[in-house]
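*Asks:* Fold the stuff below for me.
(4 chains)
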There are 2 protein chains.
Amino acid sequence: MTRVSDHARDGVPPHREPVTERSVREAALTLFAERGYHGTALRDIAGELGIRTPSLYNHISSKQELLRGILRETTELVWADFEAAIADIDDVIERLRRAVVAYALRHATHRREALIVNRDVACLDEPARSEIMAVRRRHERAIRQIIAEGNAQGAFAVQTPFLASFGILEMCVSVARWFDPSGPLRAEEIALDYGEFALRLVAASHR
Amino acid sequence: MTRVSDHARDGVPPHREPVTERSVREAALTLFAERGYHGTALRDIAGELGIRTPSLYNHISSKQELLRGILRETTELVWADFEAAIADIDDVIERLRRAVVAYALRHATHRREALIVNRDVACLDEPARSEIMAVRRRHERAIRQIIAEGNAQGAFAVQTPFLASFGILEMCVSVARWFDPSGPLRAEEIALDYGEFALRLVAASHR
DNA sequence: CCTACCGATCGGTAGG
DNA sequence: CCTACCGATCGGTAGG
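*Replies:* Model prediction:
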């Protein structure tokens, strides 16, 4: 309403970033990450952009589609990250390290996306939900496979590879919960540390 | 409505478990864990119990209070678990192992509570939210302190103890996401494995 | 424990 | 991009 009265008073449209599909998603990312999908009203997203709720529909077709776009893109990028990280790497130790570093780094640099994927995938309608979960399972299985290979080569010593793969991945997800880009630790350092943690975790016993 | 017509037809009240504060919380645990706090309507909880929404208010005072009770009790039990696990244990390696085993075990045996604590604490009104988060921070700091002690004694070799403490705890949380009590792995085995993972993670490098 | 009902808010549409 | 408005649903209350 400030904007409306400004406009009415001096005839000059108020300065405002142009609203685009991109800026709508950006606002949704922040609010979904903070309050969750069901905890965020489209009115809140519109307010963040300085427009009214119905105007959002010039950029999106529904709230579900907004969530779907965020989750689809995020999970695809995670998988692309993984493939790029291990491409042309033969050594199984280095494959695991790079896969974990890439995953941890992504969770430090894309915190909002990570929080939404991990909390709000259950809010997604079918069939999108099953599709997203299939991509995530594929990623977990790929990590498990690396661990199994390492076991077979004698490089690792893990009794139950899927316990380790789930644990390692979830450990990386934790980064999204506390990482502060303006804090003392840099995202790259943290990612390297978690890569090291993963290798320690799968190595032979400490005794 | 089935119940109403049954009642009307034969004059005998239909069999139904008596609704209590406990059974309301039990239904809320299941639904909040499945759909989240904002994704669950009081109507859903009432439906699970075979009553109407207003009747819930004979057992609870509000939806918020229902969430608050669940989160308060859960976080207090986690802390009590931790204190019991390390009581009278001096060896720093054993302290860490027992603390992690207890935490992982709780997440396997109280999956719904764990999911709700980790997802819906943000739905809690102040001041309860800050109180809950203070208990969780206390727990994380206590784990971090054990790691720091292990470092000082030369038993552990962790560059950044809080990276390790967060990672270890979140690794245990993952158990709540996938553990299936009717599956092949028993909760106690999983907990012991995660205890072992934690010790490997804080031990000296694998090289 | 119920029915009846409250104001508030939700996602979304009509029409300009 | 807006105003006006829709039916549905929300948590919760009144009164019995």
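*Asks:* What's the local residue count around the spatially closest residue to residue A:128 that is not a sequence neighbour?
*Replies:* For residue A:128, ignoring the flanking residues on the chain, the nearest one in space by Cβ to Cβ, 6 or more residues apart in numbering or on different chains is residue A:68 at 4.9 Å. Every C-beta, even on glycine, is put in place using the N, C-alpha and C of the backbone. By other Cβ atoms under 10 Å in any protein chain shown, 17 other residues sit near residue A:68.
*Asks:* ok, now residue A:195?
*Replies:* Neighbours of residue A:195 (other Cβ under 10 Å): 23.
*Asks:* For it, give me its contacts.
*Replies:* By Cβ atoms under 8 Å, 6 or more residues apart in numbering or on different chains, the contact set of residue A:195 is A:97-98, A:100-101, A:104.
*Asks:* Buried residues, the helix or strand harbouring it. List them.
*Replies:* Using DSSP states H and E, residue A:195 sits in helix A:187-202. For helix A:187-202, the neighbour count (16 or more other Cβ atoms under 10 Å in any protein chain shown) marks A:187, A:190-202 as buried.
*Asks:* Using TSV, please lay out those residues together with distance to residue B:61.
*Replies:* Output for the buried residues of helix A:187-202, formatted as TSV (distance: Cβ to Cβ, whole Å):
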residue	distance to residue B:61
A:187	44
A:190	43
A:191	46
A:192	50
A:193	46
A:194	44
A:195	49
A:196	50
A:197	45
A:198	46
A:199	51
A:200	49
A:201	45
A:202	49
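*Asks:* Please identify which of the residues you listed is nearest to residue A:147.
*Replies:* residue A:202 (5.8 Å; Cβ to Cβ).
*Asks:* how much space is there between that closest one and DNA strand D?
*Replies:* 44 Å (Cβ to the nearest atom of the strand, to the nearest Å).
*Asks:* Name the helix or strand for the closest residue to that residue other than its chain neighbours, please.
*Replies:* Spatially, and ignoring its direct neighbours in sequence, residue A:202 is nearest to residue A:156 (4.2 Å; Cβ to Cβ, 6+ apart). Of the helices and strands defined by DSSP H and E, none includes residue A:156.
*Asks:* Check residue A:39 too.
*Replies:* Following DSSP H and E, one finds residue A:39 outside all helices and strands.
*Asks:* now it: how far from residue B:124?
*Replies:* 12 Å (Cβ to Cβ, to the nearest Å).
*Asks:* Quick one: residues contacting residue A:131.
*Replies:* residue A:72.
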